[in-house]
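>>> Have a look; sequence and predicted model below, questions after that.
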Amino acid sequence: MSVAKTPRGKASLLNRYLLREVGQTWLAVTLVLLLILITNQFAAVLGDAAASQIPRDAIVRVEEVEMDGAEVAIFAYGSVARSAMAVVRKLRAEGVPIGLVRPITLWPFPTQAVERMAEQVRTVIVPEMNIKQMSWEVQAAVAGRAKVVDYGRVDGKLITPDEILELIKPEFYYHRWEDA
């Protein structure tokens with residue numbers, strides 16, 4: 001080897017470069033393997049959940065807002081839930097008995113929460129920014145115990161609180177609505 005013939009500074013520079021490259025490669029490989037391990041563990045948990053080896057309640061997360069005494073409920077998730085929340089807060093302040101059920105996890109579907117909601121209210125409103133796939137799941141879980149009003153939108157525009165309010169108004173025909 002010709003390392004002995006090179007000046008000490010050049011050998012030291014080469015050693016530092018190789019050490020840095022080996023260290024970076026080792027770190028990258030370790031992180032990738034760790035990511036694979038975590039992904040496999042997550043897939044195993046989801047597989048157990050699909051095989052009903054893990055209780056649905058361990059995975060399903062749902063937020064219920066103002067459901068005490070509600071006659072009509074909105075079932076909304078994602079960005080639509082923000083608009084629905086605004087409407088629920090506004091109408092509750094006016095004394096309108098309306099609530100919101102917001103699924104935080106969509107799979108597995110929160111069937112028990114929807115069934116509970118259907119036992120309590122007479123109408124479930126399902127606004128969503130797609131072609132009503134969630135509404136079909138809600139209708140299946142409601143199983144005729146309550147009326148389901150669906151509203152799908154696929155034009156890329158957000159569903160506004162005013163649009164949700166227009167879906168609610170026919171359900172409270174006896175309420176005196178103020179023109180805003």
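Arrived safely.
>>> Please work out the average pLDDT along the host helix or strand of residue 88.
According to DSSP states H and E, residue 88 maps onto helix 79-93. Computed over helix 79-93, the mean pLDDT rounds to 94.
>>> Which residues in that helix does the neighbour count mark as buried?
Buried residues in helix 79-93, defined by neighbour count with 16 or more other CB atoms under 10 Å: 80-81, 83-85, 87-88, 91-92. C-beta coordinates here come from the backbone N, C-alpha and C atoms, glycine included.
>>> could I get the residues you listed as CSV with distance to residue 129?
What follows is the buried residues of helix 79-93, written out as CSV (distance: CB to CB, whole Å):
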residue, distance to residue 129
80, 6
81, 11
83, 10
84, 12
85, 16
87, 16
88, 18
91, 22
92, 24
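>>> Of those, which is the nearest to residue 15?
residue 81 (57.7 Å; CB to CB).
>>> What ranges in the chain fall below the confidence cut-off?
1-11, 49, 175, 177, 179-180 (pLDDT under 70).
>>> quick check: domain ranges of it?
3-50, 57-172 (automatic domain parsing).
>>> Let me know which of these is tucked in deepest.
Stretch with highest mean neighbour count among the domains of the chain: domain 57-172 (a mean of 17; mean count of other CB atoms under 10 Å).
>>> mind checking how far it is from the chain centre?
Domain 57-172 sits 13 Å away from the centroid of its parent chain (CA atoms, centre = their mean, to the nearest Å).
>>> Can you give me the first-to-last residue distance of that domain?
33 Å (CA to CA, to the nearest Å).
>>> do stretch 141-153 as well
End to end - CA to CA - stretch 141-153 spans 22 Å.
>>> Then stretch 144-161?
End to end - CA to CA - stretch 144-161 spans 27 Å.
>>> Need the residues that contact that stretch.
79-80, 83-84, 86-87, 90, 115, 117-119, 121-132, 135, 138-139, 142, 163-164, 167, 171 (CB atoms under 8 Å, 6 or more residues apart in numbering).
>>> All the helices of the protein, residue numbers only.
Under the criterion DSSP state H, the chain carries helices at the ranges 8-50, 79-93, 111-120, 133-142, 161-168.
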